[in-house]
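Enquirer: need a structure here:
(2 chains)
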Amino acid sequence: MTTAAERANLSSVIDPEVFQRLHLEAHKATDIKRVALVASKGTLDMAYPPLILATTAAAMGMEVGIFFTFYGLDILNKKKLSSLKVSPIANPAAPMPVPNILGMIPGGTWAATFVMKRMMSAQRMPTVPQLLDTCKQFDVKLIGCTTTMAVMGVSREDLIDGVDLGGAATFLEYAAKAQVTLFV
Amino acid sequence: MTINISATLVLDTSGEYCPMPVVKAKLAIDSLSPGDVLEVIATDPGSWSDFPGWANTTGNKLLEAIEEDGKFVFYLEKA
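Expert: Have a look, this model is predicted:
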């Protein structure tokens, strides 16, 4: 911290115009907000919130990073990201208005997923792959959890391109400098 | 209602919901020069508070916001 007297002194040695410019630049640099998100779930419904928040924050000029851990890693998995599902079991708010017990019959998850995807496309909602493309276009940092990869037997080649790998410390170091941190 | 602002570019996001209006506005404004005006048409009711928030955060200036027949029109000047 500089005192008012020191600042006055500084502006007398530095050209006032240069001083003003440095002052503005210094404030501009610290003005970029950072958003750090954790995506921990691999269902269709829970893939949307972190991706929507990430693309929106990036569109607002914020710096964004998402840490994909546990089932959330499926969102980065080439073989799985297009076929994420939503289950009607233990989910009274499921898109298929049937008693919960019926959600347990074979095909329940398929039907609920089908209905939700149809509802989404009817409202022209982007798909998960489309949101991931937007993330990449906006330079959103995508961090795949290496512990999850080991536990679930996922290799680097199973993940989409442009993913950084790391552990909790990687995310926490990033999140420590964030103004917004959310666990999804 | 007529408005006396001439837009450099018009972006129609009718029928689309969050995050698309804001995402598309960001891409559109990136293609403009400072001082240019982007007109965004939206039908998502959330956009009524989303665009003032987006403008505040990005520094682009919200010149005017109009609601008319279920459509929201925003005039945004690129910073």
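
Enquirer: would you map the strands across chain A?
Expert: Under the criterion DSSP state E, chain A carries strands at the ranges A:34-39, A:63-68, A:141-145, A:163-166, A:180-183.

Enquirer: between those, which gets nearest to residue B:30?
Expert: Between residue B:30 and the strands of chain A, the shortest gap by C-beta to C-beta is with strand A:63-68, which sits at 16.1 Å. C-beta coordinates here come from the backbone N, C-alpha and C atoms, glycine included.

Enquirer: ok, the residue of chain B found nearest chain A - contacts?
Expert: Across chain B, no residue is closer to chain A than residue B:26, which sits at 3.6 Å (C-beta to the nearest C-beta). Neighbouring residues of residue B:26 by C-beta atoms under 8 Å, 6 or more residues apart in numbering or on different chains: A:58-60, A:138, B:54, B:58.

Enquirer: check the residues you listed and tell me the two furthest apart.
Expert: A:138 and B:54 (13.8 Å).

Enquirer: now do the shared contacts for the two.
Expert: A:59, B:26.

Enquirer: higher neighbour count, these two?
Expert: Higher neighbour count among residue A:138 and residue B:54: residue B:54, with 24 against 20, using other C-beta atoms under 10 Å in any protein chain shown.

Enquirer: and for the one helix or strand the more buried one maps to, what's in contact with it?
Expert: Element membership of residue B:54, judged by DSSP states H and E, is helix B:47-58. Outside of helix B:47-58, the residues that reach it under the criterion C-beta under 8 Å, 6+ apart are A:33, A:59-62, B:13, B:18, B:21-22, B:25-26, B:29, B:40, B:42, B:44, B:60-62, B:65, B:67, B:72, B:74, B:76, B:79.

Enquirer: in the very next helix or strand once past it, which residues are buried?
Expert: Scanning the chain past helix B:47-58 towards its C-terminal end, the next helix or strand to appear is strand B:61-68 (assignment: DSSP H and E). When burial is assessed from 16 or more other C-beta atoms under 10 Å in any protein chain shown, strand B:61-68 yields the following buried residues: B:62-63, B:65.

Enquirer: picking that back up, with respect to residue A:21, which of the strands of chain A lies nearest?
Expert: Here strand A:63-68 is closest among the strands of chain A (C-beta to C-beta), at 23.4 Å.

Enquirer: next up, the contacts around the residue nearest to residue A:69 when sequence neighbours are not counted.
Expert: Ranked by C-beta to C-beta, 6 or more residues apart in numbering or on different chains and with sequence neighbours excluded, the top spatial neighbour of residue A:69 is residue A:145, at 3.9 Å. Counting by C-beta under 8 Å, 6+ apart, residue A:145 touches A:67-70, A:72-73, A:166-168.

Enquirer: also residue A:136?
Expert: A:142, A:162.

Enquirer: and the gap between it and chain B?
Expert: Counting by C-beta to the nearest C-beta, to the nearest Å, the separation of residue A:136 from chain B is 13 Å.

Enquirer: circling back to that earlier point, any chance of the buried residues of strand B:61-68 in a markdown table, plus pLDDT and distance to residue A:174?
Expert: Converted to a markdown table, the buried residues of strand B:61-68 look like this (pLDDT from 0 to 100; distance: C-beta to C-beta, whole Å):
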| residue | pLDDT | distance to residue A:174 |
| --- | --- | --- |
| B:62 | 97 | 31 |
| B:63 | 97 | 36 |
| B:65 | 97 | 35 |
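
Enquirer: what is the nearest of the residues you listed to residue A:118?
Expert: Of all the buried residues of strand B:61-68, the one with the least separation from residue A:118 (C-beta to C-beta) is residue B:65, at 33.0 Å.

Enquirer: and that closest one, what are its bridge partners?
Expert: Taking DSSP bridges, one finds residue B:74 as the beta-bridge partners of residue B:65.

Enquirer: and chain A, which residues reach chain B?
Expert: If contacts are counted using C-beta under 8 Å from any C-beta of the partner chain, the residues of chain A sitting beside chain B are A:33, A:52, A:55-56, A:58-62, A:123-126, A:131, A:134, A:138.
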